[in-house]
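S.K.: Fold the following.
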Amino acid sequence: MKYFRPLYPFLLGLAVILNSSILADPALVNSLAQLLLFTVVVCIPIWRTGRMSYVDIGWPWGLVVLGVVSLVLSPGYWVRSLTVSVVVILIGLRMGLGILKMWREGRLKKEFPRYQYQRIVWQKEGKTTTALALQVDAISQGLANASFFAFPVFIIAANTREQLHLLELIGLTVWAMAFVMESIADLQKMRFLKEMKKAGMHRQVCNIGLWKFSRHPNYFAQWMVWNGLVIAAVPSWLALKGVESDVLWWLLGLGLLMASIFMYRTLVYITGAVPSEYYSVRKRSGYAEYQKQTNRFFPGPKKC
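M.R.: Numbering: from 1, shown residues only. This next block holds a predicted model:
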């Protein structure tokens, strides 16, 4: 059962959203669409190649699917539904188009370091059947798109009130600022790597721009992107009180919180900062010093 334990929270979240009287229809269609997408684009290629990197295609394009389903099927005020759908589609496209470029360049023929790190974790956990662990991890990310990451999107898009709440505007502002920050951080990293390659200097530590204040400003910004959506969803969640049963209403609120928690956990411990640094500290001579001087996740001033 230890192999399947990562699936349990997402299955519970899926059960909650499918039992909602308002959200069940778009949630069901989204779940089936995620199942089809991940089966064809992720699970089958993983089974054939033994490489987990295909998840990086399925997850962002799954967000695009989520946004389209929300736009077409959600019953809320059209401006609000259109806005949140465009937001989540942009999140997916930003990463999805990038990974397709990497796929065309043949860079998915080699396992990404963060997924190599997963095998080290599985060994510590006693998971010796790697093929099964790979599939469970892939399925869990598909379930995330069907459950907790769908919570803020469908809750916002179900709100029929035409007047926008201040928290919605704050949440969208947070999303926009974080989206720009994530894009800038990625561009700074790409520019740094190109300059180092051109100069013949390999395995250098990127500590320019936003990377001076956080070792992973792109991951922090990605987390804040989802926090912006969660903030924007609070008024729509409050509007569901009395429409849903009290128990389900509280569970939907918990689901919103879990979207932030799961994204943070993923970006720090599962496929983000910790796996990345496991290899960086071994490959880059100055990385240990960089760790001492710069915050891992939350931006802050350089330490003495």
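
S.K.: So what's the gap between the lengthiest helix in the chain and the chain middle?
M.R.: In the chain, assigned by DSSP state H, the helix with the most residues is helix 166-198. Remark: helix 166-198 is offset 15 Å from the chain centroid, using C-alpha atoms, centre = their mean, to the nearest Å.

S.K.: For the following helix or strand past that helix, name the packing helices and strands.
M.R.: Going down the chain from helix 166-198, the next helix or strand is helix 217-239, by DSSP states H and E. When contacts are defined as 3 or more C-beta pairs under 8 Å, 6 or more residues apart in numbering; DSSP states H and E, helix 217-239 packs onto helix 78-104, helix 150-157, helix 166-198, helix 246-265. Any C-beta I mention is one placed from the backbone N, CA and C, and that applies to glycine too.

S.K.: Buried by neighbour count: which residues of whichever helix or strand comes after the first one qualify?
M.R.: Right, helix 78-104. Remark: after helix 78-104, the chain's next helix or strand is helix 113-124, criterion DSSP H and E. Under the neighbour-count criterion of 16 or more other C-beta atoms under 10 Å, helix 113-124 has Arg114, Tyr115, Gln116, Tyr117, Gln118, Trp122 buried.

S.K.: give the contact list for the fourth one.
M.R.: Residues touching Tyr117, when contacts are defined by C-beta atoms under 8 Å, 6 or more residues apart in numbering, comprise Val274, Pro275, Tyr278, Tyr279.

S.K.: Quickly name whichever of these is closest to Pro301.
M.R.: Val274 (22.7 Å; C-beta to C-beta).

S.K.: packing partners for the longest helix of the chain?
M.R.: Secondary elements touching helix 166-198 (3+ C-beta pairs under 8 Å, 6+ apart): helix 78-104, helix 217-239.

S.K.: Name the stretch among the helices and strands packed on helix 217-239 that sits most buried.
M.R.: helix 150-157 (a mean of 29; mean count of other C-beta atoms under 10 Å).

S.K.: Phe148 versus the residue nearest the centre of the chain, what's the distance?
M.R.: Closest to where the C-alpha atoms of the chain average out (C-alpha atoms, centre = their mean) is Met263, at 5.7 Å. Distance of Met263 to Phe148, given as C-beta to C-beta, to the nearest Å: 8 Å.

S.K.: Check Leu18 too.
M.R.: 13 Å.

S.K.: more neighbours, these two?
M.R.: With neighbours defined as other C-beta atoms under 10 Å, Leu18 and Phe148 compare such that Phe148 has more, 27 against 15.

S.K.: just checking, the more buried one touches Tyr264?
M.R.: No. Here Phe148 does not reach Tyr264: they are 11.8 Å apart, not a contact under C-beta atoms under 8 Å.

S.K.: Figure out which of the helices and strands packed on helix 217-239 is closest to Val225.
M.R.: helix 166-198 (4.5 Å).

S.K.: Quick one: mean pLDDT over that closest one.
M.R.: Mean pLDDT, computed over helix 166-198, is 96.
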